[in-house]
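K.L.:
Sequence and predicted model, in that order:
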Amino acid sequence: MVLPKSKKSVGLGNSLMNDRFGKGKGTDRKRASAVTRIDHSTGKEYITNDRQEAAWVKMRSVTEQGALDEFLATAELAGTDFTAEKMNNVKIIHTDQRNPYLLSAAEERAVLGKQREHKGRLTVPRRPHWDASTTPEELDRLERDSFLEWRKGLAELQETQDLLMTPFERNIEVWRQLWRVIERSDVVVQIVDARNPLMFRSEDLEAYVKDVDPKKRNLLLINKADMMTYAQRKAWANYLKGANIAYKFFSAHLAKEMLETQEFESEEESEGESDQADPSEESAITNKDHTAEAESEDDAADDSAHGDDDGEADTRILTVDELENIFLQYAPADAGPDRKLQVGLVGYPNVGKSSTINALIGAKKVSVSSTPGKTKHFQTIHLSDKVILCDCPGLVFPNFASTKAELVCNGVLPIDQLREYSGPATLVARRIPQQFLEAVYGIQIRTRPLEEGGTGVPTGEELLSAYARHRGFMTQGLGQPDQSRAARYILKDYVNGKLPYVEPPPGTLDPKEFNRELYDIAQIPAKRRVALISAMEDLAVEGDDNASLLSDMIPLPTGAKSQRLDKAFFKSGQGTAGHLTRPFNYKYSEQGMAAAAAGKQLSGRKLRTMIALEKGIDPKDVQLASSKKHFKGGQKGRGKNRGNKADDDD
Ligand SMILES: Nc1nc2c(ncn2[C@@H]2O[C@H](COP(=O)(O)OP(=O)(O)OP(=O)(O)O)[C@@H](O)[C@H]2O)c(=O)[nH]1
C-alpha cells in the first residue's frame, strides 16, 4: 500500500532547499531584501536577494559542522559557486572518524606521540598584512583567502593524521574579533580552566600576540583555582615555571564570595552601629579557642591569602585587586601618563571569562556597557582610570584531544546534544573514586565481581544504572534504568565541578594520587555527610575519628569494614541525591552543619564529632551552645557563610 504523502512531510531534499534558500525566498519580495555583494573572483558587484544576516547570526559560533554545511561554508568563504568549488578545492572531511570511546593505554601513547609530532600545526588564523593603501574590499578578500588556507591546513591534518581535534571555531567573524582584540591589547590574558590548563591553552595564540608586536605581553590566567588543592597548585606552578609560562591563579568564584562578604560585613557594621547586637547570638556554637575575635582574625588571614595556605607567590590565588595590579605591571614602559592599559581577555567558552570580568568590575562598581563605535562585538570596559578590559567572544582554539569523551568532560562538547554517553560516563567512573560517587549521590554502585571479570572500578554503565535507579529514571516501555538521562545529570555535575578532578601536569604523576585529597569529607553534601558520620558512629569505627579523607574512612569495597559501613550508610531513607555547590576549600559553617544536624535530629555527640572532623580538632574540644533559635528562619549567618546551599536536591 502506498501511503499518501503528507503535505507537512519534509524530506531531506526539501529541508536542504529550505535551509539554503529559505521558504518563499525570492518570491516573497517583502521578506527578501536586495543586497549588493562582491564577486570576489572578479571584483564585480552583483545583486542578490539573500536576506541580510543579523549581526548575531554572523557572530554565531560555528564549531561542529556537518559535512554538507562545512562544504557550503567553505564555498561561500571562497566566494565562488559551490559546484565549481566542489570540483576544485573542497574535500569533505569526516570529522567523526576517530573512535569516540576510550583508548587503551597503548593507543593513548601512540596518539600522544603523534600529537607531539604535529603540535606545530595547531595554529590560530593570522590576519593578513594590510596598510593604509589596502581597501576594505581587498582586506576582506585577503582575510577570507588566508582563513580558507588555514582551514584547509587543519582539515588536512585531521584527515591525513587521523587526529581528533577540538571543535575549533570555524566562523571567520569570531576570529576577526580576536584579531581586533589582539591588535589593541597591551597584554593578552588567556583564561583557562584550572582542571586542565593545557587543554584550554593555545600556545600559538601567544606566538601570534608576539608576531603582531613583540612588546605585547601574554598571561595565562588559571581560573577556577578554588577547585585545586594547594598541592595541585604547587605541582602546576612547578610545571609552568619550568616551561617558562607566565601564569597566575585566580578564582572568580572566591573573588565574588569575598566581595559579598565585604558587602555583608559593611552592611552588618552599619546596622550594628545603630542597633547593639546581642553577643549571645553572635555564634551559637563555638569551640573553646574559636571566639568571635579569633574568627575575625581568621577572616582577615583568609582574605589576605585568599584561600591560600602560606601566601606563596607561586601558588597564590589572586584577589581582584592583586589581579589588577598584575595587569598594571604589564603596562608598556613608554606609555604616557594618560594612556590607559588595554587588557584583552580571551578563552574557550565556559572557562569563566564573564565571571572573571564580573568579579573585576564588581569590585569597582563599574557598570558594563559596550563602547559604541566600531567595536560592536567585543566589549570594552573601562575598569578604572588606568585599565580598559577588552572582552573577546569565547572561542574554541584548535587543539588535539585524545577522545570525544575527554572533550565532553572538559565541557567543550555540549552535553544536551550528546548521543554517545557511555564513553564520557566511563571516564567519570574511572576518574572519581567509587566511594566518593556513592557518598555524593547516596547510591550503591553494583560492580561486576573480580572473579567474574570485573576490574574493581565501575563501568560507565554501572554508574549510570545505579544513579538512574536511585532517581527513578526509567525508560518508557521496557522500564530499564534511563542511562542517557542519568548521564546528562552526572556529566553536568562533572563539568561544573561537583565531581572534582584535576588533570596532573604532564610527567609522571599518577592522576589517582594527584587527586586523592580532593575526595575529602568536606566535599560531601551536608545531608549526606551527616548520614555518613552517623553510620560511622553507629559502627564505632575505631581510630578513624579524625580522618577526613573519604578514602581513609571508607576502605575498598572488598574490605570487611567497608561492607559494614556501606550497610549502615545506605540504610533506607538515607538516599536522596545531593549536590555540592563548591568543590574545594568549601568549609561548611558551624551554623550550617548544626542546622543540617538539627534537621536530622543528630545527637550532640555526633554533632561534636562532625564539627571536630571539619575542624581537624579533638571532639572533646568542641563546645555546643544550646541556642536553637539561631537556626530558625533560615541562616543568615556571617557573610563568609552565605550561599551554603550545598545540600539542595535538584
Ligand atoms: N568553581 C568555580 N566555578 C567558576 C569560576 N568561574 C566561573 N565558574 C563557573 O563556570 C561556569 C562558566 O562561567 P562563565 O563566567 O559563564 O564562563 P564564560 O567563559 O564567560 O563562558 P561564555 O560566556 O560561554 O564564554 C559557570 O557555571 C560559573 O559559575 C570559578 O572561579 N570557580
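P.N.:
Here it is on my side, so go on. Residues are numbered from 1 along each chain as shown.
K.L.:
The ligand contacts on the stretch 101-250 of the chain?
P.N.:
Residues of the stretch 101-250 of the chain that fall close to the ligand, judged by C-beta under 6 Å from any ligand atom: 223, 224, 226, 227. C-beta: built from backbone N, CA, C; applies to glycine.
K.L.:
again with the chain
P.N.:
The chain comes close to the ligand at residues 223-224, 226-227, 251-253, 347, 349-355, 394, 496-497, as judged by C-beta under 6 Å from any ligand atom.
K.L.:
any chance of the residues of the stretch 101-250 of the chain next to the ligand in a markdown table, plus secondary structure?
P.N.:
Below are these laid out as a markdown table (DSSP: H, G, I helix; E, B strand; the rest coil):
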| residue | secondary structure |
| --- | --- |
| 223 | strand |
| 224 | coil |
| 226 | helix |
| 227 | helix |
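K.L.:
Tabulate those in CSV, adding columns for pLDDT.
P.N.:
Converted to CSV, these look like this (pLDDT from 0 to 100):
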residue, pLDDT
223, 97
224, 95
226, 93
227, 93
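K.L.:
element containing residue 265?
P.N.:
Assessed by DSSP states H and E, residue 265 sits inside helix 252-274.
K.L.:
Okay, buried residues for that helix please.
P.N.:
For helix 252-274, a neighbour-count test (16 or more other C-beta atoms under 10 Å) marks 252, 253, 254, 255, 256, 257, 258, 259, 261, 264, 265 as buried.
K.L.:
and of these, the nearest to residue 482?
P.N.:
Distances from residue 482 to the buried residues of helix 252-274, taken as C-beta to C-beta, are shortest for residue 253 (31.8 Å).
K.L.:
returning to that earlier point: please check the residues of the chain next to the ligand and keep the buried ones.
P.N.:
Judged by 16+ other C-beta under 10 Å, buried ones among the residues of the chain next to the ligand: 223-224, 226-227, 251-253, 347, 349-353, 355, 394, 497.
K.L.:
So for residue 613, what's the pLDDT?
P.N.:
pLDDT for residue 613: 60.
K.L.:
And the strands in the protein?
P.N.:
Along the chain, counting by DSSP state E, strands occupy 35-38, 45-48, 187-193, 217-223, 247-250, 285-287, 317-318, 341-347, 379-382, 387-391, 622-624.
K.L.:
What is the neighbour count of residue 416?
P.N.:
Using other C-beta atoms under 10 Å, residue 416 has 7 neighbouring residues.
K.L.:
Which residues are in contact with the closest residue in space to it that isn't next to it in sequence?
P.N.:
Spatial nearest neighbour of residue 416, chain neighbours left out: residue 488 (6.8 Å); criterion: C-beta to C-beta, 6 or more residues apart in numbering. With contact taken as C-beta atoms under 8 Å, 6 or more residues apart in numbering, residue 488 is in contact with 415, 416, 418, 421.
K.L.:
and what of residue 461?
P.N.:
Contacts of residue 461 (C-beta under 8 Å, 6+ apart): 422, 425, 483.
K.L.:
Would you mind measuring from the residue nearest to residue 440 when sequence neighbours are not counted to residue 231?
P.N.:
Spatially, and ignoring its direct neighbours in sequence, residue 440 is nearest to residue 524 (6.2 Å; C-beta to C-beta, 6+ apart). Look at residue 524 and residue 231: by C-beta to C-beta, to the nearest Å, they are 20 Å apart.
K.L.:
ok, these two, which is more surrounded?
P.N.:
Taking neighbours as other C-beta under 10 Å, residue 524 and residue 231 compare with residue 524 leading, 24 against 13.
K.L.:
surely the more buried one meets residue 438?
P.N.:
No: shown here, residue 524 and residue 438 do not form a contact pair, counting by C-beta atoms under 8 Å, at 10.3 Å.
K.L.:
Can you point out the buried residues in the lengthiest helix in the chain?
P.N.:
As assigned by DSSP state H, the longest helix anywhere in the chain is helix 136-161. Neighbour counts over helix 136-161 (16+ other C-beta under 10 Å) mark 140-141, 143-144, 146-148, 150-151, 154-155, 157-158, 161 as buried.
K.L.:
would you turn the residues you listed into a markdown table with pLDDT?
P.N.:
Shown next, in a markdown table, are the buried residues of helix 136-161 (pLDDT from 0 to 100):
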| residue | pLDDT |
| --- | --- |
| 140 | 94 |
| 141 | 94 |
| 143 | 95 |
| 144 | 94 |
| 146 | 92 |
| 147 | 94 |
| 148 | 93 |
| 150 | 93 |
| 151 | 92 |
| 154 | 91 |
| 155 | 89 |
| 157 | 87 |
| 158 | 84 |
| 161 | 81 |
